[in-house]
Each structure stands twice: as structure tokens, then as C-alpha cells.
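here are the coordinates; sequence isn't available:
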Ligand SMILES: *Cc1c(COP(=O)(O)O)cnc(C)c1O
């Protein structure tokens, strides 16, 4: 089967045996390719693009023949509130992550908010985290009226740097919110050792890191609690959805009550006359969302292997291109989830071609890419929290002086990364090995023509 026809086949959602082979990276691409190497005019200079939009796997994937029955059955049953399908999804997610228990909630943000809150982290407490993350990690700390403290990143792995973490610990510090950013595991051995030494809780934001593995353990199962997101773009997409996993049953029972108006774990969700024992919200997953999750879950293992293999293959080629430094993994990483694939870009090696122009040149070749996060913790939402009554009553004036806060939390490595990172989206990594070779070749070709592209 040719390149284009296979993609169409996937897009239309009839992922049969061939599709499964393909998704697990075993298929042999017969793609002839349009990347002919030297002499090819880059698309940004009028050449023919290497890929069209439809060449990449459409995300989220919906395979009618495989996915639809469980969803339609769920819709037709009229049982739409939390019930057996949610229970089943939670059981399966706990099992694949290797945790004792799992609780689903409406999204990853609320998984983090609930986990932080039910570990009794709140007003007056400090939580150390990374500046290189999605805004939700920090919003979840603020939602519990705790104080985010930023430790700079390791410029090679983009993850929180354990070296810098330890010096940020004060007597207010309660927890470390580790983010496995881009789906790649942070340096957990060292982080766990620091946490143990200072008696701190470790919460893992694994919202991008489904089935990533460190030291033969799935991330999310290493700290006290692990949080996941099933938002549309994530490697396990439901649209909206999230989960907390933990080995601490009492903690998950508390989270259950917190997600269900304070009713005890095991209470049936239709009950209106039960006894509520704690102040709580209501953030339950629906049955049809769980049905979509169960359908997606069947493909996750194979897709994760494909992304990991393709990412490593791509890195092996990109490391030889002057001006491109692929992201590094820690030695104990058995597998990356690669929610994003990233490298650092050095304009000086590309005749001074700016990152923006470089990204534009890649996009013109038909490769979906971006510059990734911008510096986040200097933004207005932080100031807004600091100005609130609750922050003013639990923190000192000096702690809430925003200029001083920014000085204390300055993260120059993060600022540099925000300026020179290049991201490819995860669906690109579901392409063929030939596609990976095409990406390396497209970048080499931009490098060869950088002088002309710049003008
Ligand atoms: C997506 C994401 C979240 C939040 O998850 P939602 O389901 O979108 O609420 C939190 N942290 C990180 C690192 C994420 O990527």
C-alpha cells in the first residue's frame, strides 16, 4: 500500500490488521518520497512541499469499526452518569500505569487540583515546580492557594533540574510538582531522593506522559500521586477527561469524595439522600467519555512504541545536523511518550535564519511544528492571585511583591529554551521511518538554502 492511500485508509477510520501493524511501527513504508536531497528547492522558495496535510495521521483517531460499538451502546443505554464504564476505565488505567487505584475526573487540570488539595497542600504552603510546562500545572497550585516556586530546567532534557530544585526548599515547602514535560520522564531517582531527605510529597504531572517509563516503572506511579489528561490533543484523547492514580487507597477514597460532593467512595452516583462527610465539588467523568477512552486505550501501547522508536530514529539523524540539538533522555528512561518531539535550534548555524522563519520553512514543507511554550510564570494570572484576599492573609508582603518574586524565581535556562525550541506534534511520530528520514532531509535542505530563505 502506498503512502497516501494508507493515510487515507487510516483517516477514514478502517484501521484493520494492516493499520495495526502500521500503528505499532512494524509496517514497511513503500513511500517513494519527494525528498530527493541536494538540488531540491525548499517549498518556501517555491519548490514542491514534501508532505500534504493528509499525509499525517489525523488526531484524534476514530476507527469506526473498532471504536463505535461501545460508544453507541453507551449512548443508547441512557446510563450517562458515572457507572460501569467509568469503573472499567479506571480499573484498566490503574493496571496499565501500575498503580493500585485510579480515579477519573473531568480533566487533567482538575486531577491536579484535586490531588494537591487532598494531600492537604494549601494556603501558606510552597510547591516547587518547573517553569517549562503548560499553564495548568501552575493554575492547579494557585487553585489551592499555595505558592508556586520555580526551579530552572536542565537545558538538555528540558525537565526540572534536581540540582536547582534543592536550593529552593524552605520551611514552607510541602511538595514537588514534577512535570514530565513533552511526555518525557524527569530525573525521578534524584527527585525522589531529595523529597525523601526533606520529607516532601511528590506529585507527578504526567498529563503529557501516558505510558512513559523510567526505571521500568510507568511515570505517574513513582510519586505519591500521578495525574493524567485525556484532552483532545493528548496521546490518549477523550476530548475532556483526567485521572489521578496512587497506591494510597485512603487518598484515592478522599479524592473520590472530593469529586462527588463529599459522598463516600462506593456511593452510587444517583443517590441524592446520602450523608456527605466533606466539603467537595462535583467533577465526575461521564459514561460516554469513558467509552471513548476505552476505545482509544486499545491503541495506546502500540502507538507509544511507534512514537518512541520514530523519535529515537529521528534524533539519531538530527544530532548530526549543525545547529540542531535533539532533546536528551535520562539514562533510566526506558521509553518516552513523546507527546511532542523537540530539538533546540541555533540560527547562527543556519546563516542567521531566525527560528520563526525556520518554522515557516518547515510548515511550508507540510510539517506541523511550532516554537512551543513562551515564558509563563511572569504572566498576569500570577499577579491576580497575589492580589487576592487569601494570598494577602497567608503570605508576607515580601513574598507577594511581584518584582521581587520574579527575581527570586528567575529561570534563565527556561527563557533560553522558550526562544530556541522547535516542536513537532505527536501525530508526526506516527508516520513511517521514511517520514522521519524526510524530516531530517527537509531540515538539511533548509540549512543548505538558509542564505536564500533569510532574504
Ligand atoms: C494538558 C495538560 C494539563 C491539563 O490537562 P487538561 O485535561 O487539559 O485540563 C496539565 N499539565 C500538563 C503538562 C498538560 O500538558
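Thanks, I have the structure now. All of these numbers come straight from a predicted model, not from anything done at the bench. Numbers count the residues shown, from 1 in each chain.

right, and residue 446 touches residue 362 too?
Yes. Applying Cβ atoms under 8 Å as the test, residue 446 and residue 362 come out as touching, 7.1 Å apart. To be clear about C-beta, it is placed using only N, CA and C from the backbone, and glycine gets the same treatment.

which neighbours do those two share?
The contact sets of residue 446 and residue 362 do not overlap (Cβ atoms under 8 Å, 6 or more residues apart in numbering).

Check the spacing between residue 377 and residue 414 real quick.
Separation of residue 377 from residue 414 (Cβ to Cβ, to the nearest Å): 9 Å.

Among the two, which residue is more densely surrounded?
residue 414 (25 against 22; other Cβ atoms under 10 Å).

Pretty sure the more buried one sits in a helix.
Yes. The assignment for residue 414, made by DSSP: H, G, I helix; E, B strand; the rest coil, places it in a helix.

wait, it sits on residue 151?
No. The pair residue 414 / residue 151 is not scored as a contact, 9.8 Å apart, by Cβ under 8 Å.

Give me the common contacts of the two.
Taking Cβ under 8 Å, 6+ apart as the contact rule, residue 414 and residue 151 both touch residue 130.

what sits in contact with each of residue 377 and residue 414?
131, 150.

all strands for the protein, in order.
Taking DSSP state E, the strands of the chain run over residues 101-105, 126-129, 147-150, 173-179, 201-205, 213-214, 217-218, 225-229, 242-246, 324-326, 333-335, 340-345, 369-370, 421-425.

among these, which is nearest residue 275?
Closest to residue 275 of those, according to Cβ to Cβ: strand 101-105, at 20.1 Å.

Mind giving me the packing neighbours of that closest one?
helix 84-97, strand 242-246, helix 249-258 (3 or more Cβ pairs under 8 Å, 6 or more residues apart in numbering; DSSP states H and E).

Note down every partner strand of the second one and its orientation.
When you say that, I think you mean strand 242-246. strand 101-105 (antiparallel), strand 225-229 (antiparallel) (DSSP bridges).

which one of the ones you listed is the most hemmed in?
Mean neighbour count (mean count of other Cβ atoms under 10 Å) peaks for strand 225-229 among the strands paired with strand 242-246, with a mean of 30.

Averaged pLDDT, that one. What do you get?
Summarised as a single mean, pLDDT over strand 225-229 is 98.

and if you look at stretch 140-147?
Regarding stretch 140-147, the rounded mean pLDDT is 98.

quick one: contacts of it?
Identification of contacts with stretch 140-147 by Cβ under 8 Å, 6+ apart yields 109, 112-113, 116-117, 121-127, 129, 148, 172, 174, 177, 381-382, 385, 390-391, 394-395, 399.

do stretch 278-293 as well
So stretch 278-293 is in contact with 67, 70-71, 73-75, 77, 79-86, 88-89, 104-106, 110, 114, 230, 236, 238-241, 254, 257-262, 269, going by Cβ under 8 Å, 6+ apart.

Is that stretch in proximity to the ligand?
No. If you take Cβ under 6 Å from any ligand atom as the test, stretch 278-293 misses the ligand, and the best it gets is 10.9 Å.

Tell me the buried residues in that stretch?
Of the residues in stretch 278-293, those buried by neighbour count under the rule 16 or more other Cβ atoms under 10 Å are 280-281, 283-293.

same thing with stretch 75-86?
79, 82, 83, 85, 86.

any idea how far that stretch is from the chain center?
Centroid separation between stretch 75-86 and its chain, computed with Cα atoms, centre = their mean, to the nearest Å, is 28 Å.
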